[in-house]
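> the following comprises the amino acid sequence and a computationally predicted model.
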Amino acid sequence: MRLNGKTACVKAVAALLLLSACVLSCAWTTSGARAGRPRGDATEKVTARARGRRAVVVERGRSHTLDLTKYVDAARIEDASVLFLTRGGEFAYLLLDVCGLSKTPRDDRQCGTGTECNVVWLKLDRAWRVRGAEAERYESCWLPITSEEGPKVSGRRMTLTLDDLREELRREVSYDADSPEEGLTVRRQAIPKTNP
């Protein structure tokens, strides 16, 4: 079937308009990311490993060593994992799950084989210097703190429920990767009493 000149011209204009709309849509999405909106998390591209009281985070093929001494309660970190890495404006927001030994060296005395775990939020500048930090201990031998499930990630949110048995408080910790600058949110309530 042959097309007349008018029909071919209309189809060419329609194809050009569709292509222009796609280009504008892509440009708008990219400019929104550059304007400071969080660009999502790059967790699948980011790994962490423990080194003493530090974590080495590998992101985009580059290693960044972060001293976590002020933010973790373990004597030596045994395990570190990235829950979220979100960029917003000039900062990167990193949420880590960090666990390690209660004391070193291990022994058969109090907490000699115990574990300390923290969820750690870090606000990092472009050179990966810490510009803000928050941490919440959720497992501890030294303080009777425990969490049945540890941090749970669902979509772009992390939730964590822990019981502080000394203070008789339950803390519900949450983090929203769509608002990473807000850090950790903590709600406290009394641990419900159980009937004997």
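It's in.
> for Y71, which non-adjacent residue is spatially closest?
Closest residue in space to Y71, ignoring its immediate chain neighbours: A135 at 4.2 Å, by Cβ to Cβ, 6 or more residues apart in numbering. Any C-beta I mention is one placed from the backbone N, CA and C, and that applies to glycine too.
> can I get the CA coordinates of the longest strand along the chain in CSV?
Longest strand of the chain, by residue count under DSSP state E: strand 76-88. Coordinates of each C-alpha in strand 76-88 appear next as CSV, following Å, rounded to 0.1, in the frame of the first residue of the first chain:
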residue,chain,number,x,y,z
ARG,A,76,35.7,-5.1,67.6
ILE,A,77,33.4,-5.1,64.6
GLU,A,78,32.8,-8.5,63.1
ASP,A,79,30.1,-7.6,60.6
ALA,A,80,29.0,-4.5,58.8
SER,A,81,26.4,-4.2,56.1
VAL,A,82,24.9,-1.3,54.1
LEU,A,83,21.1,-1.0,54.5
PHE,A,84,20.8,2.2,52.5
LEU,A,85,23.0,4.7,50.7
THR,A,86,21.0,7.7,49.5
ARG,A,87,22.3,10.9,47.9
GLY,A,88,20.5,14.2,48.4
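> now it: average pLDDT?
Averaging pLDDT along strand 76-88 gives 95.
> can you give me the strands in the chain?
46-51, 54-59, 62-67, 76-88, 91-101, 115-124, 130-139, 145-146, 152-154, 157-164, 169-176, 185-190.
> now render those as CSV, adding mean neighbour count and distance to D107.
Formatted as CSV, those follow (neighbours: other Cβ atoms under 10 Å; distance: least, Cβ to Cβ, whole Å):
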stretch, mean neighbour count, distance to D107
strand 46-51, 17, 21
strand 54-59, 18, 24
strand 62-67, 13, 26
strand 76-88, 20, 14
strand 91-101, 22, 11
strand 115-124, 22, 15
strand 130-139, 18, 20
strand 145-146, 18, 22
strand 152-154, 12, 33
strand 157-164, 18, 26
strand 169-176, 17, 30
strand 185-190, 11, 33
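> relative to R109, which of those is closest?
strand 91-101 (13.2 Å; Cβ to Cβ).
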